[in-house]
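*Asks:* this one's structure only:
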């Protein structure tokens, strides 16, 4: 079974530039999550999708962050414009609709904003 | 709101030692609890998942226990190896939610 796919693996940008991250969850997983993890901290939920609808985006800085999940499959997270404090690992995860409801993560995107 | 705490924040042990990592949570109404391993700058790898009806789960040298009533879980690592060096995080999923609440992790270093 293929895992959660994320790209790019690394990204270095200057402040005020824009950046986009892509995620393809495990096939059949209706729930998709984007997390931000700052060094030394646990993952913080940015946005949660159920199919192509947003379940929770209360912690998403909507003035600069946006996310979409067209057709309820893959998803894109965008930052525009980036700030220094956005430097973090951005993690995508997915979870099946039934059964164990286990959480599966992608390899993450390490973002450095200079 | 569920709060998850992991103690200690960092741990350093000599190779071969058995060790215990702790995870505590404030609301006992959980659906499941999951332990993850994370290497620097990378994603999280699932180690063990314990459903709310279970008391423990084992995989190789790892054993995770769950005591819902006291709001605690432990991850036991037997005969530690340098390759076990990583950050270990626990995450709790409440009964009424599809969200997961994470601790800040325990950074483990196993010294050869």
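*Replies:* Alright, I've got the coordinates. Because the structure is a prediction, the values reported are computed rather than measured.
*Asks:* check contacts around residue 4.
*Replies:* Using chain A here. Neighbour list for residue A:4: A:23, A:24, A:25, A:26, A:92, A:93, A:94, A:104, A:105, A:106, B:43 [criterion: CB atoms under 8 Å, 6 or more residues apart in numbering or on different chains]. Every C-beta, even on glycine, is put in place using the N, C-alpha and C of the backbone.
*Asks:* Correction: the question concerned chain B.
*Replies:* With CB under 8 Å, 6+ apart, residue B:4 has these contacts: A:42, B:23, B:24, B:25, B:26, B:90, B:91, B:92, B:101, B:102, B:103.
*Asks:* Skipping its backbone neighbours, what lies nearest it in space?
*Replies:* residue B:103 (4.2 Å; CB to CB, 6 or more residues apart in numbering or on different chains).
*Asks:* The one you found: neighbour count?
*Replies:* 27 (other CB atoms under 10 Å in any protein chain shown).
*Asks:* In chain B, what residue lies closest to chain A?
*Replies:* residue B:102 (3.6 Å; CB to the nearest CB).
*Asks:* tell me which element the closest residue in space to that residue that isn't next to it in sequence falls in.
*Replies:* Using CB to CB, 6+ apart and skipping residues adjacent in sequence, the residue nearest residue B:102 is residue A:42, 3.6 Å away. Assigning secondary structure by DSSP states H and E places residue A:42 outside every helix and strand.
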